[in-house]
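1. give me coordinates for this.
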Amino acid sequence: MRIIREKQQVGVQSMHYADYMFLIKVLKRNKKLESVCKKVATCIANILCGTTPADACRLSLVSKVFRSAAESDVVWERFLPSDIYQFPLLLNYGYAYAYAPKKALYLALANRPIIIEQGTKSFQLHKKTGNKCYMLAARSLAMACANTHYYWIWITDPDSRFPEVADLRFVWSIVFRGVINTLVLSPNTQYVAILVFKMIYPESFYNCPMELSVGILGGHGSTKFVCLDPIIKFPNDRVVGLQRPILRSDGWLEIEMGEFFNTDLEAEVQMSVTEVMDDDNDDVNVKCGLFIEGIEIRPKE
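-> Below you'll find the predicted structure:
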């Protein structure tokens, strides 16, 4: 016990390999710790509060004492966002989130996105860190002619988390954008914005570069050029070497739009997708067969 108290007084902020070994050695040095497991678990829990959810899960395998500490509400309360109980939606789900054990609450919010704001956004915790993740549904994006059925229609998709997605029918050029306030995100965190979509007619995007932009209004921003066609075999000079989308585990495609660092100050992050027109070629492809689920904002790994 004295050894653990001394370790706490040092002020452990994060647990690295040396910290793991220290705690394991404590158990081996004094086998009688099991008989005072409650006090030991409290001390260990205080140390685990300075680690990450992934660390706590790994350390729970060390012994019964560690498992008791690593599964305590004290530890998992620390991993949950401080404002989590300000979400009224927590009381509307059968999990009885507000009264569940803190680890169960954490895993429920990390394993499955929750749809909020009338189906226009989803909220989730990043499983490894506990940082907040959001997805802006296509309905929350500013899309030209979004309510004109000749150009876009709104359909259901069994693979989507949202009640509806945008189905592109016919446009000559693509432009849409989304906005999120930094106050809803985790502070002091590097975030990445991800465009999530599907294609059934990738040939309509043949050799068609897109400009993806992410930036804080009035602050730093970044722009990149990508090709949304995932299967193009004979690219021309306009798209050679450009980033392509990758397949997600949920069946959608995703492509990174850009990154931004979220401080603890309020600001708006603007994200946009714009087709790059070819001024030297009047033969513009008609775009169709694109399904937009939304823009995901998640911590950079």
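2. make it CA atoms for all contacts and neighbour counts henceforth
-> OK.
3. tell me where the protein has helices.
-> Secondary structure of the chain (DSSP state H): helices at 2-10, 17-29, 37-48, 53-59, 64-70, 73-79, 102-111.
4. how about the last one as CSV, C-alpha atoms only?
-> It refers to helix 102-111. Taking C-alpha atoms only, helix 102-111 is exported to CSV below (Å, rounded to 0.1, in the frame of the first residue of the first chain):
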residue,chain,number,x,y,z
LYS,A,102,-20.2,3.7,-16.4
LYS,A,103,-18.3,1.1,-18.4
ALA,A,104,-21.5,-0.2,-19.9
LEU,A,105,-22.5,3.4,-20.7
TYR,A,106,-19.1,4.0,-22.4
LEU,A,107,-19.3,0.8,-24.5
ALA,A,108,-22.9,1.5,-25.5
LEU,A,109,-21.9,4.9,-26.8
ALA,A,110,-18.7,3.6,-28.4
ASN,A,111,-20.1,0.5,-30.2
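5. who touches that helix?
-> If you take CA atoms under 8 Å, 6 or more residues apart in numbering as the criterion, helix 102-111 is touched by 71-73, 76-77, 79-80, 97-98, 124-127, 130.
6. same thing but 7 Å
-> 71, 73, 76, 77, 80, 97, 124, 125, 126, 127 (CA atoms under 7 Å, 6 or more residues apart in numbering).
7. what about that helix, distance to the chain center?
-> Relative to its parent chain, helix 102-111 has a centroid offset of 15 Å by CA atoms, centre = their mean, to the nearest Å.
8. same question for stretch 168-187, mean pLDDT?
-> Averaging pLDDT along stretch 168-187 yields 92.
9. ugh, wrong one, I meant stretch 137-150
-> 88.
10. start to end distance for that stretch?
-> Stretch 137-150 has its terminal residues 21 Å apart, counting by CA to CA, to the nearest Å.
11. next, the buried residues of that stretch.
-> Judged by neighbour count (16 or more other CA atoms under 10 Å), stretch 137-150 contains these buried residues: 137, 138, 139, 140, 141, 143, 146.
12. dump those residues to TSV, plus distance to residue 111.
-> Putting these into TSV (distance: CA to CA, whole Å) gives the following:
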residue	distance to residue 111
137	19
138	22
139	24
140	23
141	25
143	30
146	31
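13. just those: which are in strands?
-> 137, 143 (DSSP state E).
14. closest one of the buried residues of stretch 137-150 to residue 274?
-> residue 143 (10.7 Å; CA to CA).
15. burial of the residue lying closest to the closest one once chain neighbours are set aside, as a residue count?
-> When the adjacent residues along the chain are set aside, residue 143 lies closest to residue 176, with 4.5 Å between them (CA to CA, 6 or more residues apart in numbering). Counted with other CA atoms under 10 Å, residues neighbouring residue 176 total 15.
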